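>>> next come a sequence and a model predicted from it.
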Amino acid sequence: MTGISLNAVSKRFGATDVVRDVSLDVAGGEFVSLLGPSGCGKTTLLRMIAGLETVTAGEICMGGETIQHLSPSARNIAMVFQSYALYPHKTVFENVAFPLLMQQSMVLRLPWLRHLVPNRHRVDAEIAARVDPVCHLLGIDHLTARKPAQLSGGQRQRVALARAMVREPKLFLMDEPLSNLDAKLRAATRAEIIDLHRRLGVTFLYVTHDQGEAMTMSSRIVLLNEGRIQQVGTPLDLYNDPANLFVAEFIGLPKINVLDLHADGKEGRIDGIVLREMPSEIDGVPTPRGAQLHVGLRPEALQLCSEDHPHAMSGPVHIIEHLGNEAILRVSKDAKDICIRVQPEQAIGLSPGRTVSFRPAWERALLFDANGSRLRATRLRAAA
Ligand code: ATP
């Protein structure tokens, strides 16, 4: 199994830095998602790996060898695009067989000349012997005579996957391959890709801007913003232990609640509300006094409580989402919506407009400085 390493890779278009100093090691057989908002450089990074874009600075290695000087076809990397990029005038079989045909001589590739090649039937049989099992694996073997226009979006997507697989690549690059599918098909195809990865055991790099997709599919996520890596880790690492406020806000649905925190002496204020007793420690850090901070509280890190609790905040319930196994309360506070995840029975009898009191579960709170960097005990110790 072949892994891939990026060493301080950067890309500049004119005066614009699009990918900045990205270093990353992906082990052979891993499923890694490149996640981030639109325009953060995900596709550009993937295209540099595929050889479709030059590298401004840095090095890309596969299996320990530098691959930057290699042409895209020499890299043995398959890329599946959001648009599928199928040839509309070719059948499914011809689309899937296309990369194998391209490896043959020019004479064999030209329909009006190929009858001159004596071994054409043997070559055709060899190509069919590689195309047929891949089509079978992806469940499109009954569609091989159709043209792309006669297929559904999900079927086209599988043809694009089959065309990528037939070359037996060492690395799969996928650029938002599910974004043209409706929600139901998206979920089903997502499961198929996870299964495919398990069966092939090949390295997958998967671009998405959908954090839910990255969380459910990947062994690790690389979260990018403005061309820079913000954090690399397992989905749970990013959810439970975000490196900064950007990561904390990008990962998780409903979004994390971010409140302003100011602790003075024993008292503290959260978004201007006085808390009568501050905990001595937040997020493993002795509660800093006098500093303006942000506290991140995921919806499950807030709990309903009585209004006389020393840490109680309150506000009117704006929306109640009954989800069966849980309920989400959206509580209005100033201009914000605070999200609280509660047991379904806690939401029974609540109605919009009713004021509720809630408090932080401090043991689950995350602390950030005014610049959005996470305040961790280790960082404080290192700075000391
Ligand atoms: P999306 O999720 O919207 O596809 P992305 O994270 O994949 O976004 P890229 O497509 O890599 O982002 O683009 C990153 C930035 O580089 C964008 O601001 C884009 O406008 C710019 N860009 C991409 N290709 C070129 C190009 N050939 N010339 C100039 N700028 C480019």
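Arrived safely, thanks for sending. Residues are numbered from 1 along each chain as shown.

>>> host element of A164?
Assigned by DSSP states H and E, A164 falls within helix 153-165.

>>> following element in sequence after that helix, please.
Sequence-wise, the next helix or strand beyond helix 153-165 is strand 171-175, with elements assigned using DSSP H and E.

>>> taking the stretch 151-300 of the chain, what residue is nearest to the ligand?
Closest approach between the stretch 151-300 of the chain and the ligand, counting by C-beta to the nearest ligand atom: H209, at 4.7 Å. (C-beta placed from N, C-alpha, C; glycine too.)

>>> which residues touch that residue?
When the contact criterion is C-beta atoms under 8 Å, 6 or more residues apart in numbering, the partners of H209 are 35-38, 42, 176.

>>> now with 7 Å?
When contacts are counted by C-beta atoms under 7 Å, 6 or more residues apart in numbering, H209 is found next to 35-38.

>>> with respect to the ligand, which of those is nearest?
Of all the contacts of H209, the ligand sits closest to S38, with 3.4 Å by C-beta to the nearest ligand atom.

>>> what about that closest one, how many neighbours?
Neighbourhood size, S38 [other C-beta atoms under 10 Å]: 7.

>>> go on, A125?
The number of residues packed around A125, counting by other C-beta under 10 Å, is 9.

>>> doesn't it lie inside a helix?
Yes - under DSSP: H, G, I helix; E, B strand; the rest coil, A125 sits within a helix.

>>> contact partners for the closest residue to A327 other than its chain neighbours?
What sits nearest to A327 in space, not counting adjacent residues and going by C-beta to C-beta, 6 or more residues apart in numbering, is A347, at 3.6 Å. If a contact means C-beta under 7 Å, 6+ apart, then A347 has 320, 322, 327, 329 as its contacts.

>>> let me have those in TSV, extended by secondary structure and pLDDT.
Conversion of those to TSV gives the following (DSSP: H, G, I helix; E, B strand; the rest coil; pLDDT from 0 to 100):
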residue	secondary structure	pLDDT
I320	strand	95
H322	strand	93
A327	strand	95
L329	strand	96
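
>>> those residues: which two are farthest apart?
Taking C-beta to C-beta as the measure, these reach their widest spread between H322 and L329, a distance of 10.3 Å.

>>> residues from this protein in reach of the ligand?
Taking C-beta under 6 Å from any ligand atom, the part of the chain that reaches the ligand is made up of 13, 18, 36, 38-44, 209.

>>> list buried residues within those residues.
Restricting the residues of the chain next to the ligand to buried positions leaves 18, 36, 40-44, 209, with burial counted as 16 or more other C-beta atoms under 10 Å.

>>> let's have the residues you listed in a markdown table, adding secondary structure.
Written out in a markdown table, the entries for these read as follows (three-state DSSP):
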| residue | secondary structure |
| --- | --- |
| V18 | strand |
| G36 | coil |
| C40 | coil |
| G41 | coil |
| K42 | helix |
| T43 | helix |
| T44 | helix |
| H209 | coil |
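
>>> export the residues you listed to TSV and tack on pLDDT?
Output for these, formatted as TSV (pLDDT from 0 to 100):
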residue	pLDDT
V18	97
G36	97
C40	96
G41	96
K42	96
T43	95
T44	97
H209	92
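
>>> pick the one among those residues closest to L185.
Taking C-beta to C-beta as the measure, H209 is the one of those closest to L185, at 18.4 Å.

>>> now the closest one: phi and psi?
Note on H209: its backbone torsions stand at phi -110, psi 10 [degrees, to the nearest 10].

>>> before we move on, the earlier item: the helix holding A164 vs strand 171-175, what angle?
Following axes from the mean of the first three to the mean of the last three C-alpha atoms, to 10 degrees, one obtains 150 degrees for the angle between helix 153-165 and strand 171-175.

>>> which residues sit against helix 153-165?
Outside of helix 153-165, the residues that reach it under the criterion C-beta under 7 Å, 6+ apart are 78-80, 84-86, 92, 95-96, 98-99, 134-135, 138-140, 143, 148, 151, 172, 177, 180-181, 185, 189.

>>> return the distance of it from the chain's centre.
Taking the mean C-alpha point of helix 153-165 and that of its whole chain, the gap between them comes to 21 Å (C-alpha atoms, centre = their mean, to the nearest Å).

>>> pretty sure I340 is touching A301, no?
No - contact between I340 and A301 fails when scored by C-beta atoms under 7 Å: they sit 9.2 Å apart.

>>> and the pLDDT for I340?
The per-residue pLDDT reported for I340 equals 97.

>>> ok, and what's touching stretch 8-22?
6, 23, 41, 44-45, 48, 53, 55-58, 60, 227-229.

>>> the ligand: which of those is nearest?
Nearest to the ligand among these is T44, at 3.4 Å by C-beta to the nearest ligand atom.

>>> just the strands in the stretch 101-250 of the chain please.
Using DSSP state E, counting those that start in this stretch, the strands found in the stretch 101-250 of the chain span residues 171-175, 203-208, 220-225, 228-233.

>>> what's around G28, how many residues?
Residues near G28, counting by other C-beta under 10 Å: 15.

>>> quick one: contacts for the residue lying closest to it once chain neighbours are set aside?
Spatial nearest neighbour of G28, excluding adjacent residues (C-beta to C-beta, 6+ apart): M1 at 2.9 Å. When contacts are counted by C-beta under 7 Å, 6+ apart, M1 is found next to 28-29, 201-203.

>>> around G284, count how many other residues there are.
For G284, the tally of surrounding residues (other C-beta under 10 Å) stands at 13.

>>> what of V247?
V247 has 25 neighbours, counted by other C-beta under 10 Å.

>>> next up, the contacts around it.
For V247, the contacting residues are 223, 230-231, 238, taking C-beta under 7 Å, 6+ apart as the criterion.

>>> okay, domains of the protein per the record?
The chain breaks down into these domains under automatic domain parsing: 4-248, 254-383.
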